[in-house]
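J.: Here is a sequence with its predicted model. Questions after.
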Amino acid sequence: MTVFTELNERLFVAKEKKRKKVKYEEHIARSEAYLEEEKEKVNHLYLQLKKEKKDVSRLEKITLTNIFFTIMGKKLEKLDQEQQEVIAAELKYKEAAETIMDLEKELKDLRMMLQTVGNAENEYKSLLEEKERLIHDKHSVLSRELYDLSEQETSIRSYVKEYEEAISAGLASLSSLQRAIHSLDKAKGWSTWDMFGGGMLTTSIKHSHLDDARKQIHHAQNQLRLFQEELLDIENHFHINMDIGNFLTFADYFFDGIVVDWLVHGKINDSLNQAEETTAKVREIISVLDQHKKQLTDDFNEIVRKRKERLESA
């Protein structure tokens, strides 16, 4: 390995640390802002439930199944608006509380990772100065040309990394969405049977699948938020409009409207459709990311070819 090649590799590592430092700082800022929003939401729901004289401490153990069994035996049309709102608030409280836990853990991890790249700027600057000295010592036009090519090579390698991270987050989102769809599909199947008089056991199984769907949708929402973070990095650094919409509203659909209507087969269908539409959107964005990554990889290979060609002809 030549001195030039070794130095280029060290520069790439240092540049990666610089990229990650900026990335972690931006993620921390956005996550802190989102955490504050979720805390405000929890406080609002807490006060709402306290006003309704609900035992908020028990909500950590709440499930869709035990909520539905609480109202079992009553006719849906006789449940008043206030009761419906309280049920919705209970579920939203649990969702927001779990999101806060996710964000706090994520922020702790991000701050730890940020510490590992804290000296990235100075390290990169020092290596650049070393490379400049090497070029001037050579007193060669070729050295300057090789320097420029290696700089492009290093930059594009970092860009490819950015796209790889976004694609990886997108694939994780797809996986979690597929699990949510699977749970909703099971609930839909049992709901169909329930409509034809499946009885108490069928109703219980259906609600058990809805509980599982709630957990999977929460996980999918978290993965979509992380995917959106990666896409924002792409937009901010490459100025490419990915038309991501707002994935943060995905889980809201699950709790919107009259939650009691989840006992109705059509509502399960609606949420299943929403999950499938979000999946299609994620697939579309991953396809665009793949295309951009391929173009960057082609550019990288061309620069490597040019650098080798110049070395061989020197």
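T.: Thanks, I have it.
J.: Three-state assignment for Val117, please.
T.: Per DSSP: H, G, I helix; E, B strand; the rest coil, the local secondary structure of Val117 is coil.
J.: so what secondary structure elements neighbour the helix or strand where Lys306 lies?
T.: Per DSSP states H and E, Lys306 falls inside helix 265-313. In terms of contacts (3 or more CB pairs under 8 Å, 6 or more residues apart in numbering; DSSP states H and E), helix 265-313 is packed against helix 141-195, helix 200-238, helix 252-255. Placement of C-beta: from N, CA and C, glycine included.
J.: For Glu32, find the nearest of these.
T.: Closest to Glu32 of those is helix 200-238 (CB to CB; 12.6 Å).
J.: average pLDDT for the closest one?
T.: Averaged across helix 200-238, pLDDT comes to 74.
J.: who's in contact with the nearest residue to Tyr24 once chain neighbours are set aside?
T.: Among residues not flanking Tyr24 along the chain, Leu114 sits closest, at 4.3 Å (CB to CB, 6 or more residues apart in numbering). When contacts are counted by CB atoms under 8 Å, 6 or more residues apart in numbering, Leu114 touches Lys21, Tyr24, Glu25, Ile28.
J.: Was I right to think the first one contacts Asn119?
T.: No - using CB atoms under 8 Å as the test, Lys21 is too far from Asn119 to be in contact (9.2 Å).
J.: So which of the two has more stuff around it?
T.: Lys21 (19 against 13; other CB atoms under 10 Å).
J.: Does Lys18 belong to a helix, a strand or coil?
T.: Assigned by three-state DSSP, the conformation of Lys18 is helix.
J.: if I look at it, how far off is Arg111?
T.: Distance, Lys18 to Arg111, using CB to CB, to the nearest Å: 18 Å.
J.: So if I had to pick from the two, which one is more boxed in?
T.: When neighbours are counted by other CB under 10 Å, Lys18 and Arg111 differ, and Lys18 comes out ahead with 16 against 11.
J.: need the contact list for that one.
T.: Val117, Ala120, Glu121, Tyr124.
J.: Find me the pLDDT at it, would you?
T.: 90.
J.: likewise the one 3 residues further on?
T.: On the pLDDT scale, Lys21 is placed at 93.
J.: next one: Leu263
T.: In this prediction, Leu263 carries a pLDDT score of 47.
J.: Now Arg19: closest residue in space, sequence neighbours ignored.
T.: Nearest non-adjacent residue to Arg19, counting by CB to CB, 6+ apart: Ser158, 5.3 Å away.
J.: what number of residues lie near Leu44?
T.: One correction, residue 44 is His, not Leu. Close neighbours of His44, defined as other CB under 10 Å, add up to 14.
J.: quick one: it and Tyr93, what's the gap?
T.: 9 Å.
J.: try Leu171
T.: Distance, Leu171 to Tyr93, using CB to CB: 31 Å.
J.: Identify, from the contacts of Leu114, the entry nearest to Asn273.
T.: Comparing the contacts of Leu114 against Asn273 with CB to CB places Ile28 closest, at 35.2 Å.
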